[in-house]
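Student: build me a model:
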Amino acid sequence: MPPSMPTPSMRIPIETLAQAPFSQFGTVIENPAQSAGARSPSPSSSATALPANQGSALKYLDVTHLSNLYTLAPSQKPSRATMNMFVCAPRNLRAHEPSASMPSSWGDIDIDEDEDEDSSLHKQLFDVRILERHPFTTQTFIPMGLAQAERHTQYLVIVAPTLPASASRRRTGRPPPYPTPKVTRLRSITDIFARARPSPFTNEAAPPPNQMERLHPSARPKGPGLPDLKNLRAFIATGNQAVTYGAGTWHAPMVVIGDRPIEFVVVQFANGVGAEDCQEIELKPDSKAEEGLVVTVESDVSGRVQVKAGVGSIKAKL
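Tutor: So this is what the prediction gives:
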């Protein structure tokens, strides 16, 4: 059984998946030429485009950030690149019920305010019961066979920031479930002097760049903290978008909404040590919570999921 933590009662509005709002959690991979004008540019849109395949193709470089941080893992067991396939069935959603719950950090939005405004919208609820993370690797989900204009089947990307470790201990009463590497203390005189700049042993005037500083911010280690549930986010993706979760990013298992399963090719690193490859936390509504964490899913007559917050929102208020 995974460890658990208490959750507040909140309803989370859905946002459009775009790089700008998603940047702290990872990267969005999409063809810049086909991305909607309302979206912020993805990393690939600013990358260099080179002709390839005898001029019949464009090659975009570095469209996502891959990280292998297993050298920080306590076991020190080497990892290897893996490519798996997840066939994700549509999730069971429950019937919509009015609630006084606040929708995450979007305090200016009342999801249930216009309950009878548009009776053509089909309103349902998805309960977020578990989050997971991969502390030492990025994880890229690439959907297969899902058209950009697909209306009857889509998928949600649900993520949360990481709390400071001290706050995590207060919320659970025990250390967080995260393997923290041991700190090596510098004991010898040589080690102590080696930290000085200018160095007495070299001509370097500045310390060498830290390995983590070279990484994209979303790909750096997030630390041992538990998920920040009050800032949980839910994004709706189109069929021409793939997503990379940064190392250690808390996220829900993929949530497919619609008529049929979606096949995802998943690329990551793994070393076969369970607690280092994947960690889960169960979300249980606390005694004062009405229903826990809930994503409100509203779709039109065609099945298209409606955006309620962020870029492209149809209900955001000034």
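Student: if you average pLDDT per helix and strand, which one of the protein comes out bottom?
Tutor: When each helix and strand of the chain is scored by mean pLDDT, DSSP states H and E, helix 43-46 comes last, with a mean of 50.
Student: I'd like the next helix or strand past that one.
Tutor: strand 49-52 (DSSP states H and E).
Student: okay, now the sheet partners of that following strand, with direction.
Tutor: strand 57-60 (antiparallel) (DSSP bridges).
Student: endpoints of stretch 130-150, how far apart?
Tutor: Taking Cα to Cα, to the nearest Å, stretch 130-150 runs 27 Å from one end to the other.
Student: chain center to that stretch: distance?
Tutor: 9 Å (Cα atoms, centre = their mean, to the nearest Å).
Student: also stretch 301-314?
Tutor: On Cα atoms, centre = their mean, the centre of stretch 301-314 falls 20 Å from the chain's centre.
Student: residues in contact with stretch 139-146?
Tutor: 29, 64, 66, 86, 153, 155, 237, 239, 241-245, 254, 262-268 (Cβ atoms under 8 Å, 6 or more residues apart in numbering). In short, each C-beta sits where N, CA and C put it, glycine included.
Student: where does this protein have low pLDDT?
Tutor: Scanning the chain for pLDDT under 70 picks out the ranges 35-47, 107-119, 168-187, 189-212, 311-318.
Student: pull the distance from stretch 213-231 to the chain's centre.
Tutor: Using Cα atoms, centre = their mean, the offset of stretch 213-231 from its chain centre is 10 Å.
Student: buried stuff in that stretch?
Tutor: 215-216, 218-222, 224-229 (16 or more other Cβ atoms under 10 Å).
Student: which one of those residues is nearest to Pro3?
Tutor: Taking Cβ to Cβ as the measure, Pro3 lies nearest Leu226 of these, at 8.9 Å.
Student: farthest pair in the buried residues of stretch 213-231?
Tutor: Leu215 and Leu229 (25.9 Å).
Student: helices of this protein, start to end?
Tutor: 19-22, 43-46, 165-172, 189-194, 274-277 (DSSP state H).
Student: what's the neighbour count on His96?
Tutor: Per other Cβ atoms under 10 Å, the neighbour tally for His96 reads 19.
Student: residues contacting it?
Tutor: Per Cβ under 8 Å, 6+ apart, neighbours of His96: 123-125, 296.
Student: tell me the most packed of the residues you listed, by neighbour count.
Tutor: Top of the contacts of His96 by neighbour count (other Cβ under 10 Å): Thr296, with 21 neighbours.
Student: which non-adjacent residue is nearest Ser302?
Tutor: Leaving aside its sequence neighbours, Ser302 sits nearest to Arg151 (Cβ to Cβ, 6 or more residues apart in numbering; 4.6 Å).
Student: let me know whether that neighbour touches Asp259 as I believe.
Tutor: No. Using Cβ atoms under 8 Å, Arg151 is not in contact with Asp259, being 9.7 Å away.
Student: so those two - more neighbours on which side?
Tutor: Shown here are Arg151 and Asp259; by other Cβ under 10 Å, Arg151 has more neighbours (15 against 11).
Student: name the nearest residue to Val273, ignoring sequence neighbours.
Tutor: Ser75 (5.0 Å).
Student: again with Gly272
Tutor: Gly272 sits nearest to Lys77 (Cβ to Cβ, 6+ apart), 6.9 Å away.
Student: report the separation between that neighbour and Val273.
Tutor: 6 Å (Cβ to Cβ, to the nearest Å).
Student: likewise Ala20?
Tutor: Taking Cβ to Cβ, one finds Ala20 at 35 Å from Val273.
Student: so the two - more neighbours on which side?
Tutor: Counted by other Cβ under 10 Å, Ala20 and Val273 do not tie: Val273 has more neighbours, with 17 against 12.
Student: ok, the more buried one - contacts?
Tutor: 73, 75, 77.
Student: ok, now His122?
Tutor: Going by Cβ under 8 Å, 6+ apart, His122 touches 298-301.
Student: what pairs with it across the strands?
Tutor: Here His122, judged by DSSP bridges, has bridge partners Ser299.
Student: need the buried ones from the contacts of Val273 selected in PyMOL.
Tutor: In PyMOL syntax, the buried subset of the contacts of Val273 is picked out as below (16+ other Cβ under 10 Å):
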select buried, resi 73
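Student: ok, of the contacts of Val273, which one's closest to Ala167?
Tutor: Ala73 (23.8 Å).
Student: quick check: Asn271 vs Leu72, distance?
Tutor: Between Asn271 and Leu72 the computed distance is 12 Å (Cβ to Cβ).
Student: the residue nearest to Phe25 when sequence neighbours are not counted - how many residues pack around it?
Tutor: Distances taken as Cβ to Cβ, 6+ apart place Val159 nearest to Phe25, at 4.4 Å, with adjacent residues excluded. The number of residues packed near Val159 is 23, by other Cβ under 10 Å.
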